[in-house]
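A.B. asks: test case, fold it:
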Amino acid sequence: MTRIVADLGNSRLKWGRVGPDGRLGATLALPLDDPSAWASAWDDWGLSGAEVSWAISSVNPPLAGRFGRFLDDKGVDQVRWYRSVADVPVRHDLVLTDTGGADRALGVVAALARHRGRGPGLVVSCGTAVVVERISAEGVWQGGAIAPGLGPMGKALHLLTAQLPEVVPRDVPAPFGRSTVPSLEAGIFWGVVGTIRELVTRQAEGLSSAPWLVWTGGDAPTFARWVEWPGAEVVPHLVLEGLCQEGLRTQDSGLRGETSP
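C.D. replies: Purely as a prediction, here's the structure:
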């Protein structure tokens, strides 16, 4: 049995191959709107003719529909979908879990597995959105904060003003600019850094000890350089790691998820 995990986000579609030991192996990132690229990856990974099971997290329903049809066309009938926090067995103190993203819950699951028994923790995800999660010393996910990442910040300033261009910083900018574009880059980039610094500082208050911190997401390596935190680690594919644990646990128990998204 070949086991694949997938994270369907708002910027990228990520796959991961699960090794014989149940750990995440090779990964790849694919465009959201190019089924031909998905088919090429399918062939490159030698999935044609193999018995394949999937565990999939999605925060993008339209993409989930397209990807579900892609798997149907490939004859895949073993799929477990994670669409919200309610689908993920994680200890939490949240409400309205059917409205929370499954990716958040799976990231917490993976971070806890890495730091089990090591006190309270924080998880910072830096993608389309910046999300900071707080976890108690007892391993209970207490909630989090969601803020715009670089792309939404730039798009909002462009759409809500008459003259500002849409800008997304690609490099670390100076803290001030001498014209509009570098000024936007400075405000967007350092504004996100400041947001993260404030959120992790605030969420650490009241915990029983200094929390560990795990970074994840495409922009995590960049932002982690500018937010000092002793012992912090960057884990590129935290959601896929969570799927390796939770998705495969469900499959091994004999439970079958839906075959349509």
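
A.B. asks: roughly how far does L30 sit from L63?
C.D. replies: Look at L30 and L63: by C-beta to C-beta, to the nearest Å, they are 11 Å apart. No exception for glycine: its C-beta is placed from N, CA and C like everyone else's.

A.B. asks: which stretches of the stretch 151-261 of the chain form helices?
C.D. replies: For the stretch 151-261 of the chain, helices defined by DSSP state H, counting those that start in this stretch occupy the ranges 180-204, 220-224, 238-252.

A.B. asks: which one of the ones you listed is the most hemmed in?
C.D. replies: helix 238-252 (a mean of 23; mean count of other C-beta atoms under 10 Å).

A.B. asks: returning to that earlier point: now distance to D34 and mean pLDDT too, for the helices of the stretch 151-261 of the chain, in CSV please.
C.D. replies: What follows is these, written out as CSV (distance: least, C-beta to C-beta, whole Å; pLDDT from 0 to 100):
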stretch, distance to D34, mean pLDDT
helix 180-204, 28, 98
helix 220-224, 25, 97
helix 238-252, 20, 75
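
A.B. asks: do you know which of these lies nearest G117?
C.D. replies: helix 238-252 (16.2 Å; C-beta to C-beta).

A.B. asks: identify the contacts common to L30 and L63.
C.D. replies: Counting by C-beta atoms under 8 Å, 6 or more residues apart in numbering, the common neighbours of L30 and L63 are L13.

A.B. asks: need the phi and psi values for P148.
C.D. replies: Dihedral angles of P148 (phi, psi; degrees, to the nearest 10) stand at phi -70, psi 140.

A.B. asks: list the contacts for it?
C.D. replies: 129-130, 156, 192.

A.B. asks: what about those, which one has the most neighbours?
C.D. replies: V130 (25 neighbours; other C-beta atoms under 10 Å).

A.B. asks: among the helices of the stretch 151-261 of the chain, which comes closest to R3?
C.D. replies: So among the helices of the stretch 151-261 of the chain, helix 238-252 is nearest, using C-beta to C-beta, at 6.2 Å.
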